[in-house]
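> Sequence plus the predicted model coming up.
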Amino acid sequence: MNTAINPLDLIPKQDPFGLPAPVWVFVLLMNLTLAVHFLFMGYAFTAALFDIFFAAAAREGSPAEWMLRRTERPLPVALSFAITFGVAPLLFVQVLYQQVFYAANIILGYQWIGIVAVVIAAFYTIYLVQGGRLFGRRIPRGCDVAGRVFIFACLLYVMTTLTTNALLTMHPERWLAVRAAGGNTFVLGMAILAPRLVHNALAALIIGSLWLVTLGLLSAGAATADRRQRECGRALARLGALVGAVAVMLQMLAGLGLAIADYRAVRQMLVSLRPAAILWAVALLAVLALWAKLIFLLAAAKKSLLVAAWGALVVILSGMFAAREAVRQIVLAPYLTLERWTVHPQLSSLALFLILFVAALGLVALMLRWAAQTPRRPEAP
Amino acid sequence: MFYPHWDVPRIGGGLVIALIATVHVLIAHFAVGAGLFIALTESRLARRPDPLLRDFLQRFGRFVVLFSFVAGALTGVGIWFSIGLVAPRATSILIHNFVWGWAAEWALFILEIAAGYVYYYNFDRLSERRRRAAAWIYALAAWGSLVIINGILTFMLTPGRWLATHGFWDGFFNPTYWPSLVLRTISSLSLAGIFVAIVANAARAYSREQARHIINHAAWFLAPLMLMIPAAVWFFAEVPAEPRRLVMGAAIAMNLFFMFGVATSTLIGFYAFIGLIWNKRYVNMETAILLAAIAFIATGSMEFVREGIRKPYLIYDYLYSNNWTTEETLAHGHESVLAANAWVLPAGRGAASLTPLELGRAVYQAQCSQCHNLNGVNDVKQLVAYWDEKLIWSNLQDIHRLKSYMPPLVGTDAERRALAKFLLSLNESSPAGAMASHDGLKGQF
């Protein structure tokens, strides 16, 4: 291992073609799409985790079976959109942080490209175990649970790899050590990796819990809901609120741990009073608001509380991503700065993207409206 | 501009890209063709109701969702991941020039997936009109994504006026853009037709006559394959002279793969027209799978040709496959290739402290390992087998003139000689090789 090398010597040069739009455009798009990715990924992660326990506890006609069928159904769509909205932030991060991003990917090597195979395996396993039947036959409970454990393990692998990659891009001084260890994630050091990984996992759990509350309330309030559906729906909502509230409390501790791990950067962000620091402070208040909403939802499942909880979550995600980006730029400042990018605007191609993006969102909204207007079937089972 | 090297023993990173890309192209083209098949069939059902075709569309929609939304989407991500690992500099150039193109394609992916799910999950509940609209939205979004990615793919072989202007649209609408779009659309339609035959046969609910009805309806999608030859002629009329020369005989592998791809595509097209459209024959499952396998091999062949004829470049006339631009090679080709490349130096040592063999190995890793392996695919050991140092040295000096698909060698005189010595040390069968490897590196390769 070449510890004598200056990390600056390892960082490739900035791409001479520069940026086709100002830095702030890419920072905004990167974080916006990442936030949407988190929304879908949060559901996939949480549902995959909960379904393990639902599958283990499910008996014919039990609430656990109802919850299993209810939560597994959106899983393929959620994962599909998590992947689609995960592509965009990866695209934009390559534009801004090309020098450190590709190097981090290569250092991780097989672990990085392994994401593709792992997600394919998880996705098809979701389809295999869905409904509890395979080729018309009931799947034995042990196999069902094992399948769902596998799905969750795959998603955890992806989360760990993406977190590691993000950290490697921020710490060029660790590159050679990790490369010498054959891309071994844990050589990064648990002091760096663990706080961020726990933070990301809890964030996914909180988002997913909010989705479960939403699913539960929608099911309970559906026009075609029978008594069982109403009871199970409310139970699912309460379970989501409980898990979410606990996760938020744990997240407060995990967030503190992460702030300590990145202490210097966080302090610099706060001292410099960047807009990110203000957004982050507002986000911290929103965390308390979210926690309170979840506690109230435990007691009374009201749609107004749910809407307020989602509103708080949006504020939290905005502040947290702003802070995350600020911390990344501070940590990377000795190696590269975004201000060094030259900008050569490509207005017409940017316009093409924006037009297609807005049109796509509009058509998606239209089609979702069509789907919502179709006659509803009673929810199975 | 040096990145670490991603070492994939035996097969090399290039083959990783090729394997993932071939699978992805097959599935992605199918997704495009399937969208057009579904949309056109829905429109036909509006004029001529056909309960059997309607039932089939629901099954086929499920197949599209299971096949292309999972494996297709993720192998696309896989290509992206793998090119970043194998050729990060080229990837960076593409990203910084065409990011808005990729972003536009991504917007169409969102639309494609949403439309696909709305269509499939609400098949029985949407009105006929709305279902048809969702199908067309999916079809046009899918084809739109092909329209966009085609620009970036063809740019790599024929950058056209971009070389002078570095303009987005100059690079996008490059010389091979339109013929490639025609070729890929033909391929997409034909793959949809083939997979219809598979799905129709796989559905146990259908009798032989019912399956034949569906397959004969889809056979029209295979007919455009008859246009493969004129489309290929158009394509190759637009590629630079040297790649065309490689295909036409200068590189036998390119020639054979190209002939195979064109021949099989054309044969399937004529089979479709005469057998399925004219004579309305039935295609059983085994034949359908055979057609799909041939299509897969033909797709792989043509993609291999497309990639291979671009050598020695990653971006034609701009970036060589050793990650040096043409300008850099001209201006600095005789300067050190290791000076700014800390990644290839052994632990804790500078270039000055290396033995000649170690220096040669570092030069090999910096330039040659992008495409060559030791003991594997494109094995450099086999290429220099039984050569002595003089022969190796003279080849290296003019490698780009001797073999048009090789980039010029970069490096100082000492580095080039060290590379020659290293290559000689791989050559165990010669006394010269045995002597050269005496430094203790023998047997490590």
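Sure, I can see it.

> CA only for contacts and neighbour counts going forward, please
Will do.

> give me the low-pLDDT residue ranges for the chain?
This is for chain A. Counting by pLDDT under 70, chain A has low-confidence residues at A:1-4, A:273, A:376-381.

> um, chain B though
B:1, B:428-445.

> May I see the buried residues of the helix or strand where A:Met41 lies?
Using DSSP states H and E, A:Met41 maps to helix A:23-57. Across helix A:23-57, burial judged by 16 or more other C-alpha atoms under 10 Å in any protein chain shown covers A:23, A:26-27, A:29-52, A:54-56.

> after it, next one along is what?
Following helix A:23-57 in sequence, per DSSP H and E, is helix A:63-72.

> which helices and strands does that following helix pack with?
In terms of contacts (3 or more C-alpha pairs under 8 Å, 6 or more residues apart in numbering or on different chains; DSSP states H and E), helix A:63-72 is packed against helix A:23-57, helix A:227-261.

> Packing partners of the last one?
In this structure, helix A:227-261 makes packing contacts with helix A:63-72, helix A:190-220, helix A:275-299, judged by 3+ C-alpha pairs under 8 Å, 6+ apart.

> What residues sit buried inside that helix?
A:229-248, A:251-252, A:254-255, A:257-259, A:261.

> what's the answer for stretch A:260-276, then?
A:Ala261, A:Asp262, A:Ala265, A:Val266, A:Gln268, A:Met269, A:Leu270, A:Ala276.

> which residue ranges form the helices in the stretch 151-300 of chain B?
B:162-165, B:168-172, B:177-202, B:208-218, B:228-238, B:241-245, B:252-271, B:285-308 (DSSP state H, counting those that start in this stretch).

> Would you point to the one among the ones you listed that's packed deepest?
Of all these, helix B:177-202 has the most neighbours on average by mean count of other C-alpha atoms under 10 Å in any protein chain shown, namely a mean of 24.

> Is any residue of that helix near chain A?
No: Helix B:177-202 lies out of reach of chain A by C-alpha under 8 Å from any C-alpha of the partner chain, never closer than 13.6 Å.

> next one: stretch B:92-102
Yes: on the criterion C-alpha under 8 Å from any C-alpha, stretch B:92-102 is in touch with chain A at B:Ser92, B:Ile93, B:Ile95, B:His96, B:Asn97, B:Val99, B:Trp100, B:Gly101.

> What lies in contact with that stretch?
Defining contact as C-alpha atoms under 8 Å, 6 or more residues apart in numbering or on different chains, one finds that stretch B:92-102 is touched by A:15, A:17-20, A:91-92, A:94-95, A:98, A:349-350, A:352-353, B:148-149, B:152, B:166, B:168.

> are any of these buried, and which?
Buried among the contacts of stretch B:92-102 by 16+ other C-alpha under 10 Å: A:15, A:17-20, A:91-92, A:94-95, A:98, A:349-350, A:353, B:148-149, B:152, B:168.

> quick one, what contacts residue 238?
Using chain A. Counting by C-alpha under 8 Å, 6+ apart, A:Arg238 makes contact with A:Val213, A:Leu297, A:Leu298, A:Ala299, A:Ala301.

> oops, I was thinking of chain B
Counting by C-alpha under 8 Å, 6+ apart, B:Glu238 touches B:Pro175, B:Thr176.

> any idea how far the residue lying closest to A:Leu205 once chain neighbours are set aside lies from chain B?
In space, A:Leu205 comes closest to A:Thr46 once its chain neighbours are excluded; the distance is 5.4 Å by C-alpha to C-alpha, 6 or more residues apart in numbering or on different chains. Distance of A:Thr46 to chain B, given as C-alpha to the nearest C-alpha, to the nearest Å: 20 Å.

> residues touching A:Thr46, list them.
Contact partners of A:Thr46, counting by C-alpha under 8 Å, 6+ apart, are A:Ala204, A:Leu205, A:Gly208, A:Ser209.

> now it: how far from B:Leu26?
For A:Thr46, the distance to B:Leu26 (C-alpha to C-alpha, to the nearest Å) stands at 33 Å.

> go on, A:Leu363?
A:Leu363 sits 28 Å away from B:Leu26, going by C-alpha to C-alpha.

> now A:Ile113
20 Å.

> repeat for A:Cys232
44 Å.

> what's the closest non-adjacent residue to the residue of the stretch 51-200 of chain A found nearest chain B?
Closest approach between the stretch 51-200 of chain A and chain B, counting by C-alpha to the nearest C-alpha: A:Ile106, at 5.2 Å. Once flanking residues are discounted, A:Ile106 sits nearest to B:Leu85: 5.2 Å by C-alpha to C-alpha, 6+ apart.

> for B:Gly269, same thing?
Using C-alpha to C-alpha, 6+ apart and skipping residues adjacent in sequence, the residue nearest B:Gly269 is B:Leu225, 4.4 Å away.

> Also B:Ala21?
Spatial nearest neighbour of B:Ala21, excluding adjacent residues (C-alpha to C-alpha, 6+ apart): B:Ile79 at 5.8 Å.

> ok so the one you found is a helix residue?
Yes: assigned with DSSP: H, G, I helix; E, B strand; the rest coil, B:Ile79 falls within a helix.

> For burial, what's the neighbour tally of it?
22 (other C-alpha atoms under 10 Å in any protein chain shown).

> That one is in contact with B:Ile20, isn't it?
Yes: B:Ile79 is within contact range of B:Ile20, at 6.1 Å (criterion: C-alpha atoms under 8 Å).

> any idea how chain B splits into domains?
Domain ranges of chain B: B:12-320, B:326-444, per automatic domain parsing.

> what would those look like in JSON lines with distance to A:Ala322?
Listed next are those as JSON lines, based on distance: least, C-alpha to C-alpha, whole Å:
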{"stretch": "domain B:12-320", "distance to A:Ala322": "22"}
{"stretch": "domain B:326-444", "distance to A:Ala322": "33"}
